[in-house]
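# Build me a model:
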Amino acid sequence: MSGPVAGGWSPGAADVAIDGLPARRIERPESEAEVAELVARARRDRLNLVPIGGGTALSIGNVPRRFDLAVDLRNLDQIGAYSAPDLVVTAQAGTRLSDLDTFLAASSQVLPLEGPPGATLGGIAAAEQAGRHRFSRGTPRDWLIGARALTGDGRWLKIGAKVVKNVAGYDVGRLLCGSLGSLAIFTELTFKVAPRPQTAAVWRIATTLAGAESIRQLAVHLGAASIELTARPEIAVEVAFEGEPDAVAWQSERLVARFARAEQADAAGGPEAPSSQELVWTFGVLPDRLCRALERCLAGGPAGVAAHLGSGIATLTAASGGPEAVGRLQAWSFEIEALGGWWRLERGPKDGRECFGPTRAEWAIAAEIKKAMDPDGILSVGRMPGGF
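Below you'll find the model as predicted:
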């Protein structure tokens, strides 16, 4: 870890920022003991500590009240126990997903998660990140079966076990996924893994929003691995099939038989980190309402679209800027709430506004959990819904 620095700043701290708010200090622990020491220091000095990994999801959440201490966990990057026959792997939180993917490829296995380049396992779990394969593969909480984590009051949690069949007790691992490091700091994670698909085929179909819904329905019926819509500004849907060669060939034949204009495309990739200059807004509705929601939102003006048709989640992007951006956010919010959906502002004019939409009753329960696991209020304070 770095030592004390005059003036309260540490080298490189200004390079780590959340929505323009730079960290006053940055520490890079090399062991769990050093992580515990930093949590003890934060409790003693009343510091707002934010655990970070690859920094690919720092735009998610509200702006923290303060950013006193960034704890960069990327030195905790060792892959530990691995049992290929049991489909289970354990790795430290700072391990990059890409490195684990390379490791598992030697055994023709894969951890079916996605993240932008540089994303770490701890960061992906803490942000509950999922990409185009969310529809068929799920999210981190669906694959996490065990973990070690340190709460805000200095307690070590041993969550789950290094076996797939584990149903004892409350599943705290699922609770921590998506908590943005506000309840506890992941230091080690155990995931179940899956056989790596033998082959894949991706088909691109130029269409309209109305036509996209027909494509979605057939793709779901055929068991697609992902169903993605983009509008930049032309609308197109990419359908990916993965698995055994004969099955993928059968699925592809039936898709092309229905949509003769389908063209084979490059293999589907993972999510990209958006530019910091963009307005980035994500929402979710029931999958059969997604095309209707996009039509309503785009009626107010052009915007970039990346939509997961299978799961009903979409991200809209536009040039950021002042009153116009605020007006677009208000219009989009109105349309999505009318369809019974949720939304969150990821990049743009946050300016102290709540980034997770209207107040919901369950936020009060979440705040009580926060008090129980972080009673001194030192972990990522202010980032979660309702500002806790």
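# When you work out contacts or count neighbours from here on, use the C-alpha atoms and nothing else.
Will do.
# Tell me how many other residues crowd Pro385.
22 (other CA atoms under 10 Å).
# Who are the contact partners of the nearest residue to it once chain neighbours are set aside?
In this structure, Pro385 finds its nearest non-sequential neighbour in Phe356, 5.7 Å apart by CA to CA, 6 or more residues apart in numbering. With contact taken as CA atoms under 8 Å, 6 or more residues apart in numbering, Phe356 is in contact with Gly61, Asn62, Trp342, Trp343, Arg344, Leu345, Pro385.
# Taking those together, which two end up most distant?
Asn62 and Trp342 (15.6 Å; CA to CA).
# circling back to that earlier point, so among the contacts of Phe356, where is pLDDT lowest?
In terms of pLDDT, the lowest of the contacts of Phe356 is Pro385, showing 86.
# I figured that residue was touching Glu354, is that so?
Yes. Using CA atoms under 8 Å, Pro385 is in contact with Glu354, at 7.2 Å.
# Tell me, please, the helix or strand in the protein that averages the lowest pLDDT.
helix 322-338 (a mean of 84; mean pLDDT, DSSP states H and E).
# Which residue is the nearest non-sequential neighbour of Gly94?
Nearest non-adjacent residue to Gly94 (CA to CA, 6+ apart): Arg74, at 4.0 Å.
# how about that neighbour, secondary structure?
coil (DSSP: H, G, I helix; E, B strand; the rest coil).
# same thing with Phe186?
Three-state call for Phe186 (three-state DSSP): strand.
# Would you quantify the distance from the residue nearest to Gly94 to Thr187?
Arg74 is 10 Å from Thr187, where distance means CA to CA, to the nearest Å.
# any residues in contact with both of those two?
Ala93, Gly94.
# wait, Asp101 sits on Leu111?
Yes. In this structure Asp101 lies within contact range of Leu111 using CA under 8 Å: 6.8 Å.
# which one of the two has more residues nearby?
For Asp101 versus Leu111, neighbours defined as other CA under 10 Å are more numerous around Leu111 (22 against 16).
# who touches the closest residue to that one other than its chain neighbours in this structure?
Spatially, and ignoring its direct neighbours in sequence, Leu111 is nearest to Val193 (4.8 Å; CA to CA, 6+ apart). Counting by CA under 8 Å, 6+ apart, Val193 makes contact with Leu87, Val88, Val89, Gln109, Val110, Leu111, Pro112, Trp143.
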